[in-house]
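In: here are the coordinates; sequence isn't available:
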């Protein structure tokens, strides 16, 4: 896990793509609301520090990880994942020729692995023993946004990887 400040600061440098690819998710977190920030102020500057209480044991976490690995993923879902990832590499072959000049490098095989793993975790959190296409769609932006390297043309047109992922998700047939 790591945090990234969106504003360049002296002494911080972007990680190379090969290192970024090793992170499973890139989750965007916006600034807190006014009320949330007030709560942060109160908690962090008050006379007493908040008390941290465990809500789950390490053994429970390990058990949950085992359960997540057992969540069923149908072959059609796996093919859907492949369709999405391959569309980042060769959009023209997938009816998305307009993205050819916007993607320099598509998602690596880690994207396929992490899409399935994260979708299993999403299904688990929803209380299901199987992955649906909706699980894939929900988690895909967080798994793919840092794995697609856009071209200078995309950067010049302010086209983000989130936009590209959305186009791929909207265009790819769902099983």
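Out: That came through, no problem. Bear in mind that the values here come from a model prediction, so they are computed numbers and not experimental data.

In: I'd like the distance between residue 166 and residue 142.
Out: 13 Å (Cβ to Cβ, to the nearest Å). C-beta: built from backbone N, CA, C; applies to glycine.

In: got a pLDDT number for the residue of the chain positioned farthest from its centre?
Out: Relative to the centre of the chain, the most outlying C-alpha is that of residue 47, 37.8 Å out, by Cα atoms, centre = their mean. If you check residue 47, the pLDDT there is 87.

In: Please say which of residue 166 and residue 142 ends up with more neighbours.
Out: residue 142 (18 against 13; other Cβ atoms under 10 Å).

In: So the more buried one sits against residue 26, correct?
Out: Yes. In this structure, residue 142 is within contact of residue 26 by Cβ atoms under 8 Å, at 6.2 Å.

In: what's near enough to touch the residue positioned nearest the centre of the chain?
Out: Central residue of the chain (Cα atoms, centre = their mean): residue 142, 1.5 Å from the mean position. Residues near residue 142 by Cβ atoms under 8 Å, 6 or more residues apart in numbering: 25, 26, 27, 118.

In: chain center to whatever helix or strand it lives in: distance?
Out: Using DSSP states H and E, residue 142 sits within helix 133-144. With Cα atoms, centre = their mean, to the nearest Å as the basis, helix 133-144 stands 7 Å off its chain's centre.

In: Stretch 141-161 too?
Out: Using Cα atoms, centre = their mean, the offset of stretch 141-161 from its chain centre is 13 Å.

In: mind listing what's buried in it?
Out: Across stretch 141-161, burial judged by 16 or more other Cβ atoms under 10 Å covers 141-148, 150-151, 154, 159, 161.

In: Stretch 85-105 too?
Out: 85, 86, 87, 88, 91, 94, 96, 99, 102, 103.

In: Let's see which of these end up in helices.
Out: 85, 86, 87, 88 (DSSP state H).

In: Disregarding residues adjacent in the polypeptide, which is nearest to the second one?
Out: Pointing back at residue 86 there. Closest residue in space to residue 86, ignoring its immediate chain neighbours: residue 94 at 6.7 Å, by Cβ to Cβ, 6 or more residues apart in numbering.

In: I appreciate the help and will end here.
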